[in-house]
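**Q** The following comprises the amino acid sequence and a computationally predicted model.
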Amino acid sequence: MSKATVKKLHWRSKVQESFVPLSAGVSSGELGLAIGGGADYGEFPFVTAAPGGGATVGDIILEIGGTPVLGMTLGDVRGVLNSCPHPIRIKTVSPGSSLCKDLRLYLSKCFTPGSVDSQLQQLIRENLYLRAVPCKMHLNTH
């Protein structure tokens, strides 16, 4: 008897694209989406509320309006979200074992060079470096 092998689907095959509407009944033009996480919290950006539909609470946000937001601070992600024309197109994925909300864990993994995960790590690092502040060290020689 041979054991049936079950191949796990890569997270990339589970990406969902949706549109975020304005909240119903809100005259101020408020978005029907709230987000949390962000690089400043060591997390991927994720959906915390979606009263307008179009997204699932807990999903990791990959792109907003065509802009990759992984590795951005929460403030930067909100800036991208607020600057997009309506309705806003977002790409999300449900967190799983290979791609969870923990940004640091994902960056610590080793992936095959050139793979989707390796390319995503590079994109995350590039977004993180946008917020890096270079400093010059002065050594005291006394």
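**A** Alright, I've got the coordinates.
**Q** quick one: the nearest residue to Gly52 once chain neighbours are set aside and Cys84, what's the gap?
**A** In space, and not counting its chain neighbours, Gly52 is closest to Gly32: 1.8 Å by CB to CB, 6 or more residues apart in numbering. Bear in mind the C-beta positions are built from the backbone N, C-alpha and C, glycine included. The spacing between Gly32 and Cys84, counted by CB to CB, to the nearest Å, is 13 Å.
**Q** the more surrounded of the two?
**A** Each of Gly32 and Cys84 has its neighbours counted (other CB atoms under 10 Å); Gly32 has more, 20 against 17.
**Q** Ile60 contacts Ser98, correct?
**A** No - assessed by CB atoms under 8 Å, Ile60 is found out of contact with Ser98, at 11.5 Å.
**Q** At which residues are the strands of the chain located?
**A** Under the criterion DSSP state E, strands of the chain are mapped to 16-20, 34-36, 46-49, 60-64, 67-68, 88-93.
**Q** and Arg78, what is it in contact with?
**A** Ile35 (CB atoms under 8 Å, 6 or more residues apart in numbering).
**Q** Could I get the pLDDT score of it?
**A** pLDDT for Arg78: 91.
**Q** Run through the helices of the protein in chain order.
**A** Per DSSP state H, the chain carries helices over the ranges 74-83, 103-108, 116-129.
**Q** And for the last one, what's in contact with it?
**A** In this case it means helix 116-129. 10, 12, 39, 68-72, 76, 98, 103, 106-107, 109, 111-112.
**Q** Give me the buried entries from those residues.
**A** Among these, the ones that count as buried by 16 or more other CB atoms under 10 Å are Ala39, Pro68, Val69, Leu70, Gly71, Met72, Asp76, Leu103, Tyr106.
**Q** Lowest pLDDT pick from those?
**A** Out of the buried ones among the contacts of helix 116-129, that is Leu103, at 79.
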